[in-house]
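Enquirer: Structural data only, the sequence is not supplied:
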DNA sequence: TATTGTTATACTCTATAACTATA
DNA sequence: TATAGTTATAGAGTATAACAATA
């Protein structure tokens, strides 16, 4: 038995999961609740929604946060390297960087060795904002997720997600 | 120890996960691989991508498949009920139904009891397509996921995703 | 007055082609 | 010639307001 609260009730027949249409009219979800693509999408939207709420004071989207995080760990990389690593297309990365640079969170610097490329670096304000953002994520966002799932299940979940992302 | 292949190597210090920028230049992923929002998004994209590939013969998107599935389990519901259950906004549901109806997979019928609403029903072709789609999903898509994760982990994953989607 | 399906519209994401300046 | 950053653009997905028909 790995389930905690939501245990199967009576016999071996699983309880048919139902969805709610705002009010009482319950619909049968059928195979939908067993379809990983469906539940993972719903879960992902919930997680992003909560991330946005927790991060509201700093006005950082999940994508923006990931850029700051990656830049902090990998200073001196160019736009293509950062974009590729995050799965962002280079053309779409431009306006994203424009936004972060105009907020003075990072700088673009022409590389002396290859004057085609822009070296990206966090500014002091960028580092300070990232530090505050990390705290918000850890204490408000991830903490709630760990509380919901339990620490070991949460860790197992991270592992499975990484496995799907990297090996599927 | 719950990890299978990717075991921690030497001491207690965890191996820093790295990302790859097309070729060899490895970047430090840092806290990104511990951020559920990040990994769940990457995993979700992979899952949808595979779903699309497996479903290519039938030309059904995940969203379209979910509509057919829900209609099969809940015949006689109207557009608002189906859309709300799937988290689709009513205005956006219209063109989606236009597409499925023009392919003769479902029908809109004015309800005799409430002539404002459209009762949705699968056509015979819709039911046949759904049956074929279910087989493709089970044998090609979900089978590969279960093979990757193992049956019990796969089941645990479904449970955790549902928990986040419903309770977070 | 409220609700159903619909239109129009806008904003974000994502995707591709092509330009420029460098190499 | 190839690559980095950029522009323009097009397509999905998602969001809100408002209208006609009906309740």
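Expert: Now that the structure is in, tell me what you want to look at. It should be emphasised that the depicted structure is a prediction, and the values quoted were computed from it without experimental measurement. Numbers count the residues shown, from 1 in each chain, chains lettered A, B, ... in the order given.
Enquirer: make it CA atoms for all contacts and neighbour counts henceforth
Expert: OK.
Enquirer: Mind checking which residue lies nearest the centre of chain A?
Expert: Nearest to the geometric centre of chain A sits residue A:62, at 5.4 Å (CA atoms, centre = their mean).
Enquirer: Could you tell me which residues make contact with it?
Expert: Counting by CA atoms under 8 Å, 6 or more residues apart in numbering or on different chains, residue A:62 makes contact with A:48, A:51, A:52, B:37, B:38.
Enquirer: same deal with residue A:107?
Expert: Counting by CA under 8 Å, 6+ apart, residue A:107 has contacts A:101, A:120, A:121, A:122, A:123.
Enquirer: Regarding chain A, what is its longest helix?
Expert: Assignment by DSSP state H gives helix A:36-55 as the longest helix of chain A.
Enquirer: Report the two of the contacts of residue A:62 separated the most.
Expert: A:52 and B:38 (13.0 Å; CA to CA).
Enquirer: the bottom helix or strand of chain A by mean pLDDT?
Expert: Ranked by mean pLDDT, DSSP states H and E, the weakest helix or strand in chain A is strand A:18-20, scoring a mean of 71.
Enquirer: Quick check: what element follows that one along the chain?
Expert: Where DSSP states H and E defines the elements, the next helix or strand beyond strand A:18-20 is strand A:26-28.
Enquirer: Could you list the low-pLDDT ranges of chain A?
Expert: Applying pLDDT under 70 to chain A flags the ranges A:1-16, A:20-25.
Enquirer: Which parts of it are helices?
Expert: Using DSSP H, helices in chain A cover A:36-55, A:62-73, A:79-86, A:90-102, A:124-136, A:143-149, A:151-167.
Enquirer: For those, give me JSON lines that also has distance to residue B:150.
Expert: Formatted as JSON lines, those follow (distance: least, CA to CA, whole Å):
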{"stretch": "helix A:36-55", "distance to residue B:150": "14"}
{"stretch": "helix A:62-73", "distance to residue B:150": "30"}
{"stretch": "helix A:79-86", "distance to residue B:150": "28"}
{"stretch": "helix A:90-102", "distance to residue B:150": "36"}
{"stretch": "helix A:124-136", "distance to residue B:150": "33"}
{"stretch": "helix A:143-149", "distance to residue B:150": "20"}
{"stretch": "helix A:151-167", "distance to residue B:150": "10"}
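Enquirer: nearest to residue B:29, of these?
Expert: Proximity to residue B:29, assessed across those by CA to CA, is greatest for helix A:62-73 (6.3 Å).
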